[in-house]
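In: fold the stuff below for me.
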Amino acid sequence: MPVLVITGTGTEVGKTVTTAAVAAAALAAGRSVAVLKAAQTGVRPDERGDADEVARLAGAVTAAEVARFPEPLAPGTAARRAGMNPVRPQDVAEAAAKLATAHELVLVEGAGGLLVRFDETGGTLADAARLLHAPVLVVASAGLGTLNTTELTARELRTRQLELLGVVIGAWPDSPDLASRCNVA
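Out: Predicted coordinates:
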C-alpha cells in the first residue's frame, strides 16, 4: 500500500506517535517514507509541526504539510479565522500522490478525527482517503468513552466503503484504570 491515512477518534489520542511508529517500522524494513500532515493547526510558522516530530522520532522521512494555521482549531475554522485558504480533500490527495511518486510509503496524518472539517463545503480526511483509495488506521484513547468514538469512526469508514486497517491505542496510561484495561479486550 503506497498511501496510508492515519486518523484519530479525537485530538491528543496519539496520532503523531503512532505515525512515527509506523514510519520507523517501514524504515527498518528498508522502505522510503514520506509523512504528510493534512492540516497543521495551533503552531506558529517558526515552530516544529507534527510531521517534523515524526521525523525526529522515526528518522529519515520526508516531512511535509499541506497547510498550517496558527490557532488550535478545526482546520476549516482555523483557516477562516486566519483569512487563509482552507485545505481541501483534493489538496491532500494531490500532495500525497506527488510524494508517492518518490516514496514507497506515504503516511497522511489527519487533524483531530476522521470527520473534522477542512473547508466550508464540509470536506474531511475521509474524503481525502476516498480520493486516494487508501486504507485508514484509527488511533484511539484507552479510557472511558473510547468504545463509542471508535465504533462511530469504524462505522463511518464502513459507510464510506473505506478500508479500516486497524485500531491502535495511541497512549497507554502509567496506571490504567478499570475502563482502560477492559477496553483493550
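In: helices along the protein, start to end?
Out: For the chain, the helices defined by DSSP state H cover 15-28, 50-58, 75-82, 89-100, 125-132, 146-159, 178-184.
In: any idea how far the third one is from the middle of the chain?
Out: In this case it means helix 75-82. Computed by Cα atoms, centre = their mean, to the nearest Å, the chain-centroid distance of helix 75-82 equals 18 Å.
In: and the last one, by the same measure?
Out: A distance of 24 Å separates the C-alpha centroid of helix 178-184 from that of its chain, computed with Cα atoms, centre = their mean.
In: thinking again about what came up before, now for the helices of the chain, which one comes closest to residue 39?
Out: Proximity to residue 39 (Cβ to Cβ) singles out helix 75-82 among these, at 3.6 Å. (C-beta placed from N, C-alpha, C; glycine too.)
In: pull the residues that contact the closest one.
Out: Helix 75-82 is contacted from outside by 38-39, 41-42, 67, 69-73, 85-87, 111, 116-120, using Cβ atoms under 8 Å, 6 or more residues apart in numbering.
In: which residues of the chain score low on pLDDT?
Out: Applying pLDDT under 70 to the chain flags residues 1.
In: who touches residue 53 in this structure?
Out: When contacts are counted by Cβ under 8 Å, 6+ apart, residue 53 touches 16, 20.
In: I'd like the distance between it and residue 103.
Out: Noted for residue 53: a distance of 18 Å to residue 103, by Cβ to Cβ, to the nearest Å.
In: which strand is the longest one in the chain?
Out: Counting by DSSP state E, the longest strand found in the chain is strand 105-113.
In: hang on, the earlier thing: buried members of the contacts of helix 75-82 into ChimeraX, please.
Out: Filtering those down to the buried ones (16 or more other Cβ atoms under 10 Å) takes a single ChimeraX command:
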select :38,39,41,67,69,70,73,86,87,111,116,117,118,119
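In: partner strands of the longest strand of the chain, with direction?
Out: strand 3-8 (parallel), strand 33-37 (parallel) (DSSP bridges).
In: make JSON lines out of the ones you listed and add distance to residue 169.
Out: Conversion of those to JSON lines gives the following (distance: least, Cβ to Cβ, whole Å):
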{"stretch": "strand 3-8", "distance to residue 169": "11"}
{"stretch": "strand 33-37", "distance to residue 169": "21"}
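In: good, wrapping up.
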